[in-house]
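>>> For reference, the sequence and a predicted model appear below.
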Amino acid sequence: MGEVAANGFSTNGNGHVYNDAYVNRNGTANGHAVHHANGNCNGITTAVATNGLPGIRNRAFGDGRRRCFWYEEEVEENLRWCFALNSILHTGVSNYQDIALLDTEPFGKALVIDGKLQSAEVDEFIYHELLVHPALVCHPNLKSVFIMGGGEGSTAREILRHKNVKKVVMCDIDKEVVDFCRKYLVVNREAFCSSRLELVINDARAELESRDERFDVIVGDLADPVEGGPCYQLYTKSFYEFVLKPKLSHKGVFVTQAGPAGVLTHTEVFSSIYNTLRQVFKYVVPYTAHIPSFADTWGWVMASDHPLTIDAEEIDGRIEQRIKGELRYLDGETFMAASTLNKSVRTSLLKETHVYTEETARFVYGHGKACHKS
């Protein structure tokens, strides 16, 4: 995964790791953060060797300023999001993506793929509860679920909390990511070992096309559509219409994560994914929530040919009846709030005309590994 400096820190893609609380005058001339001591401007931190993971986070400079390590991610060309690091725990590389597991100061352990933060220990429950439970609760007689992506294992974990689910198929194209997460994300080990989980390493399109069975719910837990990434084709109208929809059972429900959904960011892909699904399904419900570690509001879209009308009281009843343990974020009232979009975003979605195709694909800011190599 990129180059690793003597202190165990590395940078790659749109994510950078850098040292100290300030940089020199020339440090940001090329858009990369640098080490103050040597002014290195190649985008790779070159710091004092500490024989492995850094232990100098709390060391002070002579003028009293605190010295620490930071992870930085480019959200947009002129906007970056950074937070303090304790250490980089593990790094890996696959044919498709670069992988890192960070120990961060504000968010605990954080999984980063291709320079984009995927989930963080302290708030991943928000993302995964909202991705999984609304769609599963809406289905009247849930038995089987297919996950596109989800190599982290958290989506499978949440699905397996549903006592009436008999079978979960998790299909991820990247074996290295799956193996990495099975080894290092302890919170999901029980899910990976469940007899109800069938783990498949394959392209989701190919896997769905090869199967005769249909599923009550299909969950899209894919990486964001980034240029050169491995999965933006799985957000297209042709895929939804001709591959995915035929694999849903009667009254089946599809749900997907749909990228940033803030007032300033929802037109990147969220509005397009919503409008694309409206061309394929009769009933489409967008909903959003703030994810602190993402530094933005996030979006999901649920779709079906069966009405998705379910009130807060019924949601609470099904959660109590079907789900093992108590949810930390989601209940009926929360979902009602999440699916009530602010005026700006709601108006924009209604006016959206873009349909997602391979030829007209929209991308979130950043690049996949294919673009790193070009």
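Perfect, I can see it now.
>>> surely Leu330 meets His128?
No. Assessed by C-beta atoms under 8 Å, Leu330 is found out of contact with His128, at 9.8 Å. For glycine as for every other residue, the C-beta is placed from the backbone atoms N, C-alpha and C.
>>> Leaving out chain neighbours, which residue sits closest to Val219?
Ile147 (4.9 Å; C-beta to C-beta, 6 or more residues apart in numbering).
>>> can you tell me how far that neighbour sits from Leu85?
30 Å (C-beta to C-beta, to the nearest Å).
>>> same question, Pro225
Distance from Pro225 to Leu85, by C-beta to C-beta: 27 Å.
>>> Over to Cys138?
On the measure of C-beta to C-beta, Cys138 and Leu85 end up 39 Å apart.
>>> ditto for Ile323
Going from Ile323 to Leu85 by C-beta to C-beta gives 35 Å.
>>> Output stretch 80-100 as CSV - backbone C-alpha positions only.
What follows is stretch 80-100, C-alpha atoms only, in CSV (Å, rounded to 0.1, in the frame of the first residue of the first chain):
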residue,chain,number,x,y,z
ARG,A,80,-9.6,18.2,3.2
TRP,A,81,-10.7,16.3,6.4
CYS,A,82,-8.1,15.2,8.9
PHE,A,83,-7.9,13.7,12.3
ALA,A,84,-5.2,12.6,14.8
LEU,A,85,-3.7,9.1,14.6
ASN,A,86,-2.4,6.9,17.3
SER,A,87,-0.9,4.4,14.8
ILE,A,88,-1.4,2.5,11.6
LEU,A,89,-2.3,-1.0,12.7
HIS,A,90,-2.1,-2.9,9.4
THR,A,91,-1.8,-2.2,5.7
GLY,A,92,-2.5,-4.4,2.7
VAL,A,93,-2.8,-4.3,-1.1
SER,A,94,-5.0,-6.3,-3.5
ASN,A,95,-5.5,-6.4,-7.3
TYR,A,96,-8.4,-3.9,-6.9
GLN,A,97,-7.7,-1.7,-3.8
ASP,A,98,-5.3,-0.5,-1.2
ILE,A,99,-6.3,-1.2,2.4
ALA,A,100,-5.3,0.2,5.8
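>>> Please identify the buried residues of that stretch?
80-83, 85-88, 91-92, 94, 96-100 (16 or more other C-beta atoms under 10 Å).
>>> Likewise for stretch 283-292?
So stretch 283-292, judged by 16+ other C-beta under 10 Å, has buried residues Tyr283, Val284, Val285, Pro286, Tyr287, Thr288, Ala289, Ile291.
>>> Make JSON lines from those and add pLDDT, distance to Lys343 and secondary structure to it.
Listed next are the buried residues of stretch 283-292 as JSON lines, based on pLDDT from 0 to 100; distance: C-beta to C-beta, whole Å; DSSP: H, G, I helix; E, B strand; the rest coil:
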{"residue": "Tyr283", "pLDDT": "98", "distance to Lys343": "22", "secondary structure": "strand"}
{"residue": "Val284", "pLDDT": "98", "distance to Lys343": "19", "secondary structure": "strand"}
{"residue": "Val285", "pLDDT": "98", "distance to Lys343": "18", "secondary structure": "strand"}
{"residue": "Pro286", "pLDDT": "98", "distance to Lys343": "14", "secondary structure": "strand"}
{"residue": "Tyr287", "pLDDT": "98", "distance to Lys343": "16", "secondary structure": "strand"}
{"residue": "Thr288", "pLDDT": "98", "distance to Lys343": "13", "secondary structure": "strand"}
{"residue": "Ala289", "pLDDT": "98", "distance to Lys343": "17", "secondary structure": "strand"}
{"residue": "Ile291", "pLDDT": "98", "distance to Lys343": "21", "secondary structure": "strand"}
